[in-house]
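# I need the structure of the sequence given here:
(chains A and B)
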Protein chains: 2
Amino acid sequence: MRLFSTVFAFLLGFATLAQAADAKVYHLTLATTWGEQVPFLGTAPADLAKLVDTMSNGRLKIRVDSPNKHKAPFGVMDMVKAGQYDLAYTASYYYKGKDYKLVFFTTVPFGMLISEQYAWYNYGGGKELAAKVYGEHGLISYPMGTTGMQMGGWFKKEIKSLADLQGLKFRIPGQGGEVMAKIGVTAMSTPPGELYTALERNTIDAVEWISPVFDLAMGFPKLANYYYTGWQEPASEIQLLANKKKMDTLPADLRAILETAVATVGSQLMNQATNANANAWANISKDYPNVKVQQFPADVMAALKKAAKEIEEEQAAKDPVFKEILESQRAYIAKVRPWTLMGEYGYLKQLEK
Amino acid sequence: MRLFSTVFAFLLGFATLAQAADAKVYHLTLATTWGEQVPFLGTAPADLAKLVDTMSNGRLKIRVDSPNKHKAPFGVMDMVKAGQYDLAYTASYYYKGKDYKLVFFTTVPFGMLISEQYAWYNYGGGKELAAKVYGEHGLISYPMGTTGMQMGGWFKKEIKSLADLQGLKFRIPGQGGEVMAKIGVTAMSTPPGELYTALERNTIDAVEWISPVFDLAMGFPKLANYYYTGWQEPASEIQLLANKKKMDTLPADLRAILETAVATVGSQLMNQATNANANAWANISKDYPNVKVQQFPADVMAALKKAAKEIEEEQAAKDPVFKEILESQRAYIAKVRPWTLMGEYGYLKQLEK
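Residues are numbered from 1 along each chain as shown, chains lettered A, B, ... in the order given. Model prediction:
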């Protein structure tokens, strides 16, 4: 009927472009890193597709392909760059091998909390830096949720000093793994499917995974009693990466609908993660009373901070844009952290009295 | 042209209802509590109207009236109930005189942090309780941002023990004021426009306002050196209240557009508040080096907790729905707080080493 109306209007000599654009159904394809069975990360793309469909009254359709289909969970960024897919749901720091500075848009060791990182991104220059970095790849990056604070890992023995970490076989990937390796840990890259058995058989001594909801599903509380406070991934922002050329073909209303849905589904994911981690931790502490939450000792913290800083400085020396983002984030932390400490942190601290 | 196309389709015998509904422009009116000059709270309704207009391609229009126009900043809930306006942008706890349990949807003394409250609202039963409470008023409540942690107030003298609060003339409204009155403070209700002069002339000894960005604008750092940690309003959620009957007239796509825009503008407001408070505190600590952030002593905290609990129990005895929400929030805090403490709080604490 839309087609008829367009033809009819055309015959009558009306300007028909807006109407024609309005009537057209747009199709986007989305490749996701996580399968549907993964808590909330696995279902967020389908939530996005549904919300966009409702808001656009069926004019914007997103087809979601899981890794079962596209076979490349960590190849989704490249596929969107190449135009094989229009959108990817993933985490930027998986691509640090291709471009190290992408880590800043997920999370970095000793970095910002979620609230701080969102403030930096939206009002502290982050969005402009993201446009610069992703623009070079022909991409637009949209924040789309966070899984929240990551824990520091499950250890079979208590870590009483830096000496206890020397040669310890610790499965920890990413930047956290690089930092740990620098202070004497034997960083392992055991595949996820083998982690439980490896920890059970002492092929590894410790494992860093994610947070209570994911860690409980892996069975780690059965095998290790020391659950350490995190330092390596304090915000874990997830991204929707979009092919810029494709985005530019969308009319303004559909583009706004997509961008707004991304923000809303992202907020929803953050709330889901808070709720799920709270539930999972309640279950862990009930079913595994021997599990203790620990903090790393002062000498370990000092060594980790020093090593993390050295890695950042090495990267900054190689890449001026890495340096620019590093300095932007450091300056923002210096400004926002006092407010965090006197606000929410101060509130919780005062309650301990 | 839409009309022509509808007529044309009708002549051809097509089903035209969807098309006709699609073409109609819907108008909503919004009354807001805060004038445009108020940081971010004053501009959020216009941001909402703009985003809705873009996403709907002009099919949903919101007219925003500020208090200059409607003359009733704290009457907006009643006006939406009465159908004089369709939407109100306000904070539920202003209406505790009419229905005390509305406080739970803004924030309560010793209540949840923002992240906890959003998790409770969306996944811990909060939304269903809100529907029950606001349904009785013929309203729907949508969370639309938060100004974040509120500070405990500006004091001219340090509070070393509960004795120092006896008879102290402290301007603090709302539930916080009720609690403070119960422990011996002379709670004052000095109008906002007179606060600076009252504090300057010692008509009041202390003042609770909001947080750095708002407090700096009021000039308080010039007059008082002791800036206390908050306990009374840890989340300060803002609401969009909607007339339920009016909402039910919107087609599904426009309703989803409105609801999604509300969530997104709300998230944006939270980020604006974090950024603005960080900037304001940086300015305060530079320009007013005598200002110290303090925590209330243990005996004051114990008395405040006891008094807050007594007030809650009094209300719970009067209203079973108040009791139901109180118990829901208390149970949720008991579950979620351990995760907050081992997650973000633990991270910040570990960093102090």
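
# Please name the nearest non-neighbouring residue to residue A:54.
residue B:256 (4.5 Å; Cβ to Cβ, 6 or more residues apart in numbering or on different chains). C-beta: built from backbone N, CA, C; applies to glycine.

# Which helix or strand contains that neighbour?
In the assignment (DSSP states H and E), residue B:256 maps to helix B:252-287.

# quick revisit: quick check: the residue nearest to residue A:54 touching residue A:57?
No. Here residue B:256 lies out of contact with residue A:57, judged by Cβ atoms under 8 Å, at a distance of 9.2 Å.

# Who has more neighbours out of these two?
Between residue B:256 and residue A:57, counted using other Cβ atoms under 10 Å in any protein chain shown, residue B:256 has the larger neighbour count: 23 against 19.

# The helix holding residue B:256 relative to helix A:252-287, how many degrees between them?
Counting by axes from the mean of the first three to the mean of the last three Cα atoms, to 10 degrees, helix B:252-287 lies at 70 degrees to helix A:252-287.

# just checking, next helix/strand downstream of helix B:252-287?
strand B:292-294.

# Pull out the buried residues from that following strand.
Residues of strand B:292-294 classed as buried by neighbour count (16 or more other Cβ atoms under 10 Å in any protein chain shown): B:293, B:294.

# helices and strands of chain A: which one has the lowest mean pLDDT?
helix A:2-11 (a mean of 40; mean pLDDT, DSSP states H and E).

# where along the stretch 151-300 of chain A do the helices fall?
Applying DSSP state H, counting those that start in this stretch to the stretch 151-300 of chain A gives helices spanning A:174-182, A:195-200, A:212-218, A:244-247, A:252-287, A:298-318.

# quick one: which of those is nearest residue B:153?
Relative to residue B:153, the nearest member of the helices of the stretch 151-300 of chain A by Cβ to Cβ is helix A:252-287, separated by 29.0 Å.

# Give me the distance between that closest one and the centre of its chain.
Put simply, helix A:252-287 sits 12 Å off its chain's centre (Cα atoms, centre = their mean, to the nearest Å).

# Give me the mean pLDDT for that helix.
Averaged across helix A:252-287, pLDDT comes to 98.

# same check, this time on stretch A:223-236
For stretch A:223-236, the mean per-residue pLDDT is 98.

# What of stretch A:208-218?
Stretch A:208-218 carries an average pLDDT of 97.

# does chain B sit close to that stretch?
Yes. Using Cβ under 8 Å from any Cβ of the partner chain, we find that stretch A:208-218 touches chain B at A:211, A:212.

# Could you do stretch A:336-344 as well?
Yes. Stretch A:336-344 reaches chain B (Cβ under 8 Å from any Cβ) through A:336, A:338, A:339, A:340, A:341, A:342, A:343, A:344.

# what are the ranges of the strands in chain A?
Remark: strands assigned in chain A by DSSP state E are A:26-32, A:60-65, A:87-90, A:139-146, A:153-155, A:169-171, A:186-188, A:206-207, A:226-228, A:237-243, A:292-294.

# quick one, what contacts the closest residue in space to residue A:148 that isn't next to it in sequence?
Excluding the flanking residues, the one nearest residue A:148 by Cβ to Cβ, 6+ apart is residue A:273, at 4.8 Å. If a contact means Cβ atoms under 8 Å, 6 or more residues apart in numbering or on different chains, then residue A:273 has A:40, A:145, A:146, A:147, A:148, A:211, A:213 as its contacts.

# For chain A, give me the ranges with low pLDDT.
A:1-22 (pLDDT under 70).

# do that again at 90, thanks
A:1-23, A:189, A:353 (pLDDT under 90).

# Residue A:234 touches residue A:115, doesn't it?
No. Using Cβ under 8 Å, residue A:234 is not in contact with residue A:115; the gap is 10.8 Å.

# related to what we said a few turns ago, between the residues of stretch A:336-344 next to chain B, which has the most around it?
Among the residues of stretch A:336-344 next to chain B, residue A:339 has the most neighbours (other Cβ under 10 Å), with 29 neighbours.

# who's in contact with it?
By Cβ under 8 Å, 6+ apart, the residues touching residue A:339 are B:212, B:274, B:277, B:278, B:281.

# Alpha carbons of stretch A:72-87, as CSV, please.
Taking C-alpha atoms only, stretch A:72-87 is exported to CSV below (Å, rounded to 0.1, in the frame of the first residue of the first chain):
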residue,chain,number,x,y,z
ALA,A,72,33.9,-16.1,14.6
PRO,A,73,33.1,-14.8,18.1
PHE,A,74,36.2,-12.7,18.1
GLY,A,75,36.1,-11.9,14.4
VAL,A,76,33.0,-9.7,14.6
MET,A,77,34.8,-6.4,14.5
ASP,A,78,36.6,-7.4,11.3
MET,A,79,33.4,-8.6,9.7
VAL,A,80,31.7,-5.2,10.4
LYS,A,81,34.7,-3.4,9.1
ALA,A,82,34.6,-5.5,5.9
GLY,A,83,30.8,-4.9,5.5
GLN,A,84,29.9,-8.6,6.0
TYR,A,85,27.8,-7.5,8.9
ASP,A,86,26.3,-4.1,9.8
LEU,A,87,26.6,-4.4,13.6
